[in-house]
Each structure stands twice: as structure tokens, then as C-alpha cells.
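[1] model this:
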Amino acid sequence: MAAEEYQRIADAVAAEIADGRLRPGDRLPTQRAFARSRRIADSTATRVYRELARRGLTVGEVGRGTYVRAAQHAPGPALAEPPAPGALHVNLELNYPVVPEQAALLATGLTPLLRPDTLEAALRPAGPAGTGAARDAAAALLAGTGLRTEPDLVRFAGNGRQAMAGALACLVPPGERLGVESLTYPMVKGIAARLGITLVPLATDDQGLRPDAVRAAHRAAPLRALYVQPTLHNPLGVTMPAERRGELAALLEELDLWAVEDAIWSFLKQDGSPGAGPGTAGPPLATLAPDRTFLVDSLSKRLAPGLTIGLAVAPASHTDRLAAALRSGGWTATGFALEASTRWMTDGSLERIVAAKRRDAAARQALVKEQLAGFSVHADPGSYFAWWELPAPWRAEMFLAAAARRGIAVTPAAAFAVAAEGAQGTGPAPNAVRLALASPPPALLSQALATLAALAHGSPDDSLPE
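    Have a look, this model is predicted:
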């Protein structure tokens, strides 16, 4: 048989994969069975299988066979305008931390779930309380961030945003006021809008949320709660020191306020984290003010972007109300994701993946330091994002468009700014952009940062399309 014929057969199999007749994870016949079904020689079947593997369409597992491989998706930018021909395609808007070893580690943890009896149990619905094993595992995980909590206080959501929505729905009735940092996580703005909550921007400094700003806003018109990111604030990268946390905890008690503490990035800021610098993040607010704080966390950043489980810890007085909010919003976790996550939390997989992501984040921050030397960039050396104050005469929106023409998506400060009550649109935004560092491969990230540095060194007029 001519060489072109085995390639033709490989083309036919590739077409079956492309149109969905063969799906990722499907097992191909043995080479001998394949040869019989196609009426070809065994040696030709071997060449077909080798060609499919060369094209990246299949993967062989020793002792198990040959499987259709999942498609590789390059992270593309969400650009406001199409990039110029030959431009890069780099997404520095969204943070999807992935390390090479995580898929193999996660696959090992899933193996027990493939047995019919365990799979049947995992496919049952899960309520907000999850299972006893899940609560124990989550409480042990949160202990690593400094929160010592009773497992029975843990509740589960489909993802971190849903855990956040459940907590806010519990604490802030429609029409009431929620204090937030003047630059805050954009999803909170969307959640508040859907829940009918009025956001009140509060001033920050280099130590995080300012207690005097909270007091002044509450004096002007009562706040019902605060949403705050004490550790690795997104987008500024600030971590609140222990003294400021203590002041804020005392203020919650004094003013009869609640707090929703976002701890989603806190796993990167712990003792021994590469590049994290001296000291620790300090105790969570939920430790300092346990009767006034809801803590929300997530597993997607720790594990994988396609695996979403949200965690929420409420005071015992509000655990049932939180569970009711999660149920009524349709925000509870699925049984399979909860069972898989419990196994990964207890078999060491999560711990090893987190360690790898801490090293990865530190290495990416080193690229920022190298490529953006001389610019005003604020970032924790162990985090996955950086805040870049642009040089004159650049404006953030102009820089955003110029970067887009080079195929690089970044996020302007306006996306994080909160408008004052009664104002239209966003609040006053600094002349800055946030860079999310986790998604592109390191070499591509370095190239993108070098491209942005060259752009910033030039003039906005130079960047205009001809």
C-alpha cells in the first residue's frame, strides 16, 4: 500500500473526530481490530495510528489503548477590534492558571469515580451543605489560609461568583447599600445590579480599604455590609497588613456592619510561597470578626478553570439563611464536581497543583519585572496580575485599542471603577490597565509584555493604523 493511502485513512479518522463522530476520550479499536475493520494490513494500521498521534489527534496510554485527544485551545483575546495581520493573539484580560502537571494529577483522582457504584453516588444532586467528607476537606483547605472553622459551617456553590451572590443576597436587601473598594472585582458590580444592591465606593491606600472611609460613608447613610478583598486585591495586588485587618474587624462590631470577605486569590499568599516576600497575609477577617463576616472562596483558580466549586463560610446564626439563598438562586454545586473536588482536596493533588501554581505565578511576575522595567507597575511578586500606571501621554482607552491592534487584550481601569451613588457609568478611573498573567504560555507572555513595553515607550500617534 502506498504511503498516501495510510494518510488517506488517517484523514478519514481525523474527519470523524472533527465532526464529532469520535469524541475526546473515545477509545479507538486495537490496531489489529482496526486493520480488520478497514481491510488493511496490520503494518498499515500501525502507520495510521502513528500518523494520528503525530497530528496530535490521539494519545496512547500504556496498557490501556489509544484514545481521541481533547482539542488544544489557544487562549485568544477578547478584543474590541480585530488585530492587524501577523499580530499576536494573547489574552491578558482573563486569568486561567494552568500548569503542565495538573491534568495528570486530576485524572488520577477521577479514576475511582469511574466505577459504576461511585459514579452513581456522585451523580446524585448535592445540596448547599454537600457531604460530610466535602465539608471536612473544605475546612482543612481553608485552614491553610488561616481560617479555622467548624466543617458544619461550610456551604457549597457552583462557583465563587455564586458563593458571593449567595452571601450578598443573605446580607443586603434590594435597595440597600454595600460598601466596596473604589476599584473592585468587576463581577461584584454585575451581581449587585442583578440583586438590586447599591454600591458605595470607598477609598483605599497602600494598605487596602481605609477604615475612616468606611466610617464616613456609614455616617452619610447607613451601609448594610462591606465587600472586601484583604489578600491580593484584584486588580491592585495589595495585601492588607494585620493591623489594618484588626482595625476593620473592630469597626464592623462598632458600626454593626457585616463583611463579605473574598479570599479567592489568598492561596497564593502564604508562608513559603515563591516570590511572596517576607511576612504573611495576616489572619482573615473571618477569624478576627467571625460573627460579622462571610468568607467566600473557590477552587477554580487552585485547580482548573473548567472545574468550578464555590465555598462560603457564614456565622452559625446565618448558615441556614445562606443555604436558603444558594438554593433559591439555583447556585448550588453539582454532585459530581463536589465529589471530584473532595477527592482532589484529600489525596494530595490539590496541594501539589497549588505549589506548582505558586512557582508559576512567581516566574510570570519575574517576566513582568524584566520586560516592564522602568514603568510604574504594582504587583505582588507571587500573584497572577499586575497593575500598570501608564506613562503620559497615553490614556487607558487609547492604549487598550493600540494593544488590540497588536493582538493583545488588556483590561482598562474603568472596568474596576465603581461610580458614586446617582452617577452614570463607572466611577473616576486611574490612567492604568490590569494585566492578567496566567493564561498565555510563558514564552508568549514574555513576547506580549515586550510588545506592550515598546508600545508604551512610543507615542499614541505612532500606534494609529495607517
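[2] List the residues that contact residue 451.
    Going by CB atoms under 8 Å, 6 or more residues apart in numbering, residue 451 touches 88, 406, 408. C-beta coordinates here come from the backbone N, C-alpha and C atoms, glycine included.
[3] Which of those residues are buried, as a PyMOL select command?
    In PyMOL, this line selects whichever of these come out buried by 16 or more other CB atoms under 10 Å:
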select buried, resi 88+406+408
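[4] and the contacts of residue 451, which of them are in strands?
    residue 408 (DSSP state E).
[5] The stretch 251-400 of the chain: strands as residue ranges?
    Secondary structure of the stretch 251-400 of the chain by DSSP state E, counting those that start in this stretch: the strands cover 258-262, 293-298, 310-313, 376-378, 385-389.
[6] What mean pLDDT does the third one get?
    Spelled out, it's strand 310-313. For strand 310-313, mean pLDDT rounds to 96.
[7] That one - contacts with which helices or strands?
    Here strand 310-313 touches helix 132-143, strand 154-157, helix 160-171, strand 293-298, going by 3 or more CB pairs under 8 Å, 6 or more residues apart in numbering; DSSP states H and E.
[8] Partner strands of that strand, with direction?
    According to DSSP bridges, strand 310-313 forms sheet pairs with strand 154-157 (antiparallel), strand 293-298 (antiparallel).
[9] Same list (the ones you listed) but as TSV, adding distance to residue 267.
    TSV is the format used below for these (distance: least, CB to CB, whole Å):
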stretch	distance to residue 267
strand 154-157	16
strand 293-298	8
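[10] And stretch 205-220, what's buried?
    By neighbour count on 16+ other CB under 10 Å, the buried set for stretch 205-220 is 208, 209, 210, 211, 213, 214, 217, 218.
[11] quick one: pLDDT of the fifth one?
    Put plainly, it is residue 213. 97.
[12] Give me the neighbour count for residue 374.
    For residue 374, the count of nearby residues is 9 (other CB atoms under 10 Å).
[13] Please report how far the closest residue to residue 102 other than its chain neighbours lies from residue 104.
    Nearest residue to residue 102, sequence neighbours excluded (CB to CB, 6 or more residues apart in numbering): residue 353, at 4.8 Å. Remark: distance between residue 353 and residue 104 (CB to CB, to the nearest Å) = 10 Å.
[14] who has more neighbours, these two?
    Shown here are residue 353 and residue 104; by other CB under 10 Å, residue 353 has more neighbours (22 against 9).
[15] I'd assumed residue 103 was in contact with that one.
    No: using CB atoms under 8 Å, residue 353 makes no contact with residue 103, being 9.9 Å away.
[16] Which of the buried residues of stretch 205-220 fall within strands?
    Checking these against DSSP E, those in strands are 208, 209.
[17] from the buried residues of stretch 205-220, which two are the most distant?
    Spatially, the most separated pair among the buried residues of stretch 205-220 is 208 and 218, at 17.4 Å (CB to CB).
[18] what about the stretch 1-150 of the chain, any weak spots by pLDDT?
    1-3, 61-63, 71-87 (pLDDT under 70).
[19] Let's see that with 50 instead.
    1-2, 74-80 (pLDDT under 50).
[20] tell me the helices in it, going along the chain?
    Using DSSP state H, counting those that start in this stretch, the helices of the stretch 1-150 of the chain run over residues 3-18, 31-38, 42-54, 102-110, 116-122, 132-143.
[21] Point out the other helices and strands that the longest one packs with.
    Okay, so that is helix 3-18. With contacts defined as 3+ CB pairs under 8 Å, 6+ apart, helix 3-18 has these neighbours: helix 42-54.
[22] so how far is the helix it packs on from its chain's centroid?
    Centre-to-centre, helix 42-54 and its host chain are 39 Å apart (CA atoms, centre = their mean, to the nearest Å).
[23] Stretch 303-323 too?
    Put simply, stretch 303-323 sits 16 Å off its chain's centre (CA atoms, centre = their mean).
[24] Check stretch 243-253 too.
    The answer for stretch 243-253 is 28 Å, by CA atoms, centre = their mean.
[25] now swap in stretch 193-210 and tell me
    Chain-centre distance of stretch 193-210: 21 Å, with CA atoms, centre = their mean.
[26] swap in stretch 229-241?
    Relative to the centre of its chain, stretch 229-241 is centred 15 Å away, using CA atoms, centre = their mean.
[27] and if you look at stretch 429-439?
    For stretch 429-439 - counting by CA atoms, centre = their mean - the centre lies 15 Å from the chain centre.
[28] so for that stretch, what's the average pLDDT?
    For stretch 429-439, mean pLDDT rounds to 95.
[29] How about stretch 174-193?
    Per-region confidence: stretch 174-193 scores 96 on mean pLDDT.
[30] buried sites along it?
    By 16+ other CB under 10 Å, the buried positions in stretch 174-193 come out as 176-186, 188-189, 191-192.
[31] re earlier: out of the strands paired with strand 310-313, which is closest to residue 362?
    The nearest among the strands paired with strand 310-313, by CB to CB, is strand 293-298 at 21.0 Å.
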